[in-house]
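[1] sequence-free structure coming up:
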């Protein structure tokens, strides 16, 4: 459990991953952008949507260069459609 | 007021009005977002809303604080419904109060615009062609990124970022 993040996926992204939540390995601290890259590497079907997906870390939108650390809750946020 | 703002129960306009009403506010502007029977030319029978609940609550809190900070004298409140909604159901209700109507309308507009741009909430439309996530297929290879705008060519690792969403810190 040490070098992992809790990865949440919603709506269309969840359908692609086949799970709403999974434990994702984090070999070393990386940025939010890099983590999305790693997730796309494991789930190639996500690649076409990559530029539309925002990453949230611990419940707030992350800047692309924001650090992600082991134990963080990371969420894939597809284009939102509230209202 | 820390009750859950993202909820499954029917929303009340009176509730948000009561939150923003105060003696010095001569204007209260309100907005309701209501499920309609058509979207993009397709008929809609049901909308299923889902949220990243903890973040949606936190993001809405941030939006309310921002607007009250940016527009002096304004107070704002909003609630959003999730779950299965039918035609005519209110999905979101907003209220903004201010001494005068100009600021009240402006704050209410900012509120719903930021909610729609930022709250991590999604909806699955049900119509004659079956269910689909609103906005998801449009998200596929957004066409405004030059050579990467074609299906099957998205495997390059350029540092594109999510488009068009200003986080307005």
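    That came through fine. These numbers come from a predicted model, not from an experiment.
[2] Quick one: classify the closest residue to residue B:37 other than its chain neighbours as helix, strand or coil.
    Distances taken as CB to CB, 6 or more residues apart in numbering or on different chains place residue B:87 nearest to residue B:37, at 5.0 Å, with adjacent residues excluded. Quick note: C-beta positions are derived from backbone N, CA and C, even for glycine. Three-state call for residue B:87 (DSSP: H, G, I helix; E, B strand; the rest coil): coil.
[3] Make sure residue B:87 is actually in contact with residue B:44.
    Yes. When contacts are counted by CB atoms under 8 Å, residue B:87 is listed as touching residue B:44 (7.2 Å).
[4] so what sits against both of those two?
    Residues touching both residue B:87 and residue B:44 by CB atoms under 8 Å, 6 or more residues apart in numbering or on different chains: B:35, B:36, B:37.
[5] Can I get the buried part of those residues as one PyMOL selection?
    Filtering the shared contacts of residue B:87 and residue B:44 down to the buried ones (16 or more other CB atoms under 10 Å in any protein chain shown) takes a single PyMOL command:
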select buried, chain B and resi 35
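[6] Return the subset of the shared contacts of residue B:87 and residue B:44 lying in helices.
    Nothing among the shared contacts of residue B:87 and residue B:44 maps onto helices, per DSSP state H.
[7] Let me know the closest of the shared contacts of residue B:87 and residue B:44 to chain A.
    Distance to chain A, by CB to the nearest CB, is smallest for residue B:35 among the shared contacts of residue B:87 and residue B:44, at 10.4 Å.
[8] can you list the residues of chain A near chain B?
    A:8, A:10-12, A:15, A:33, A:37, A:47-54, A:56, A:59-61, A:64, A:75, A:77-83 (CB under 8 Å from any CB of the partner chain).
[9] Longest helix in chain A, please.
    Criterion DSSP H: the longest helix present in chain A is helix A:32-42.
[10] strand partners of the helix or strand following that helix, parallel vs antiparallel please.
    Helices and strands here follow DSSP states H and E; after helix A:32-42, the next one along the chain is strand A:54-57. Its sheet considered, strand A:54-57 pairs with strand A:60-61 (antiparallel), strand A:73-77 (antiparallel) by DSSP bridges.
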